[in-house]
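J.: Please work out how this folds:
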Amino acid sequence: MRIMSWYSIDVIDASVKRSKKILLEPFDFWKWMKLAIIIIFIGGGFGSSGSNFNPGASDRHLEDGDLKEPSMEKIVDQITQFWHQYQIYILIGLAMIIFIILLFGLISSIMQFVFVEALVTNKVMIIAYFKKYVRPGFNLFIIQTILGLLFLSLFILAMLPLVQSMLESPETISFGSILGSIFGFIIVVLVLSIIGGIIESVISLSIPLVMYERTGQIEAIKRIAGKAGADWKQIAVYWVLRAVMWIAAGIIMGIAAIILLILLVIVIAIVGIILYLILSLIGIGIEDIGFWAVMIPFGLCAFFPLIVLILLASVPAPVFMKSHMLLFLQSWYPDVKIPLFESNYSIQNE
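T.: This is a model prediction of the structure:
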């Protein structure tokens, strides 16, 4: 009896070796930094003059025994008044926030293609790849934006009955109802997250088809979805394994980053203490401007390696996971010809 081969498990070892070759053979600091930039993109009142608070009025309320909380009608009136007073500023602020979110989303969509190309070729060229994949990245951005709006609408519709019941009968709100609302919120978020994760995985698997099969994004998604439906056991194991690996990779890299961070902080602290003692020995104390003229630049310089460490620590896990995705796709869907650099290297050396 033939034992079924699970592609997602079979390619783990190759993914580790591939990630090692990309990141460490040889180690290239700037290559890590460019990968960190790509991963980041794939991955983050107007004063108190309008206040109506009046101490005298408050005292009169207390004297009259009016200790009641403001009614829902008063709260709505205050919100309406605030909206009319700052409407223009609110709209401008919202427009800027929406613009920044959409711009970041567009860059993120293009960077997904840039990341795949960088790992396929083992050459990280952000600007060149960015220009190359602007159009398919824009198409992906449109699809992801529509999906995002759809999921936001589903979330609002799912939460609307809970919020509406609390607004209509605020006097019936109790600890149990609040706990039930929190539980309902968690269930809704969990269900939407799982569905969204599955859809996002299908989209990620479709990106190499767009790049190397010269097909449209919608057509690529349909092909991956059709393959997943026909071979649902392989894709189910892949999804479960990916979730476990993300958790494991996050824990491992988190521990490693914390250890390196502690060592770096210790080194910075030792250098700072030595610098402090030197300044003290030459008669420059905390009260002297010269002391701060030395220590402030030192603090700023010490902050830089901390940022660099955080950036470097964010690289290995995504590189491994994306390499695993590419190798799984190559084994699971052999019709897709991905020009992996190690395959070309093997052919040249045979």
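J.: Roughly how far does residue 114 sit from residue 41?
T.: For residue 114, the distance to residue 41 (Cβ to Cβ, to the nearest Å) stands at 9 Å. In this view, the C-beta of every residue, glycine as well, is placed from N, C-alpha and C.
J.: Show me which of the two is the more surrounded one.
T.: More neighbours surround residue 114 than the other of residue 114 and residue 41, with 26 against 19 (other Cβ atoms under 10 Å).
J.: So for the more buried one, what pLDDT did the model give?
T.: The confidence metric pLDDT takes the value 96 at residue 114.
J.: cool, the one 5 residues further on as well?
T.: Predicted confidence (pLDDT) for residue 119: 95.
J.: element containing it, please.
T.: helix 87-121 (DSSP states H and E).
J.: in that helix, what's buried?
T.: 105-106, 108-120 (16 or more other Cβ atoms under 10 Å).
J.: quick one: low-confidence ranges for this structure?
T.: 1-4, 44-76, 165-175, 177, 343-350 (pLDDT under 70).
J.: centroid residue for it?
T.: By Cα atoms, centre = their mean, the chain has its centre lying nearest to residue 43, at 3.3 Å.
J.: and residue 147, how many residues sit next to it?
T.: When neighbours are counted by other Cβ under 10 Å, residue 147 comes out with 14.
J.: and if you look at residue 230?
T.: Neighbours around residue 230, by other Cβ under 10 Å: 9.
J.: Can you name every helix or strand that the strand or helix carrying residue 30 contacts?
T.: Using DSSP H and E, residue 30 sits within helix 29-42. With contacts taken as 3 or more Cβ pairs under 8 Å, 6 or more residues apart in numbering; DSSP states H and E, helix 29-42 sits against helix 87-121, helix 126-132, helix 289-313, helix 316-332.
J.: got the buried residues for the second one?
T.: It refers to helix 126-132. 126, 129-130, 132.
J.: Residues touching that helix, excluding its own?
T.: Residues from elsewhere that reach helix 126-132 (Cβ atoms under 8 Å, 6 or more residues apart in numbering): 34, 37-38, 110-111, 113-114, 117-118.
J.: still on that earlier bit, how far does the helix holding residue 119 sit from its chain's centre?
T.: Distance of helix 87-121 from the chain centroid (Cα atoms, centre = their mean, to the nearest Å) equals 12 Å.
J.: cool, and stretch 208-222?
T.: 24 Å.
J.: now swap in stretch 238-256 and tell me
T.: 15 Å.
J.: Please renumber the chain so that the first residue is 12 from this point on.
T.: Happy to do that; since the first residue is 12 now, the last one works out to stretch 249-267.
J.: before we move on, the earlier item: make TSV out of the contacts of helix 137-143 and add distance to residue 276.
T.: Putting the contacts of helix 137-143 into TSV (distance: Cβ to Cβ, whole Å) gives the following:
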residue	distance to residue 276
45	26
48	24
49	28
121	36
122	31
124	37
125	33
128	37
129	32
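J.: before we move on, back to that, tell me which other helices or strands the helix holding residue 130 touches.
T.: helix 40-53, helix 137-143, helix 145-179, helix 186-223, helix 327-343.
J.: relative to helix 327-343, how tilted is it?
T.: Helix 98-132 and helix 327-343 are oriented at 60 degrees to each other (axes from the mean of the first three to the mean of the last three Cα atoms, to 10 degrees).
J.: and the angle for helix 98-132 with helix 186-223?
T.: 50 degrees.
J.: what's near enough to touch the residue nearest to residue 343 when sequence neighbours are not counted?
T.: Leaving out its chain neighbours, the residue that sits closest to residue 343 by Cβ to Cβ, 6 or more residues apart in numbering is residue 18, at 4.7 Å. Residue 18 is in contact with 245, 249, 339, 342-343, counting by Cβ under 8 Å, 6+ apart.
J.: ok, and for the helix holding residue 41, which residues are buried?
T.: Quick answer for helix 40-53 (16+ other Cβ under 10 Å): 42-43, 45-47, 49-50, 52-53.
J.: Just name the most buried of the helices and strands packed on helix 98-132.
T.: helix 327-343 (a mean of 21; mean count of other Cβ atoms under 10 Å).
J.: Off-centre distance for the helix holding residue 41?
T.: For helix 40-53, the distance to the chain centre is 14 Å (Cα atoms, centre = their mean).
J.: Taking helix 327-343 as reference, get the angle to it.
T.: 80 degrees.
J.: Next, the angle from helix 40-53 to helix 300-324.
T.: Going by the same axes, to 10 degrees, helix 40-53 makes 80 degrees with helix 300-324.
J.: CA atoms only for helix 40-53, dumped as CSV, please.
T.: Provided in CSV are the C-alpha atoms of helix 40-53 (Å, rounded to 0.1, in the frame of the first residue of the first chain):
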residue,chain,number,x,y,z
PHE,A,40,23.9,43.1,5.6
TRP,A,41,22.3,45.3,3.0
LYS,A,42,20.5,42.3,1.5
TRP,A,43,18.9,41.7,4.9
MET,A,44,18.0,45.4,5.2
LYS,A,45,16.3,45.5,1.8
LEU,A,46,14.4,42.3,2.7
ALA,A,47,13.4,43.9,6.0
ILE,A,48,12.0,47.0,4.1
ILE,A,49,10.0,44.7,1.8
ILE,A,50,8.6,42.7,4.7
ILE,A,51,7.6,45.9,6.6
PHE,A,52,5.5,47.0,3.7
ILE,A,53,3.9,43.6,3.2
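J.: Which residues are in contact with residue 131?
T.: By Cβ under 8 Å, 6+ apart, the neighbours of residue 131 are 219, 337, 349-352.
J.: residues in contact with residue 324?
T.: Here residue 324 is in contact with 264, 267-268, 271 (Cβ under 8 Å, 6+ apart).
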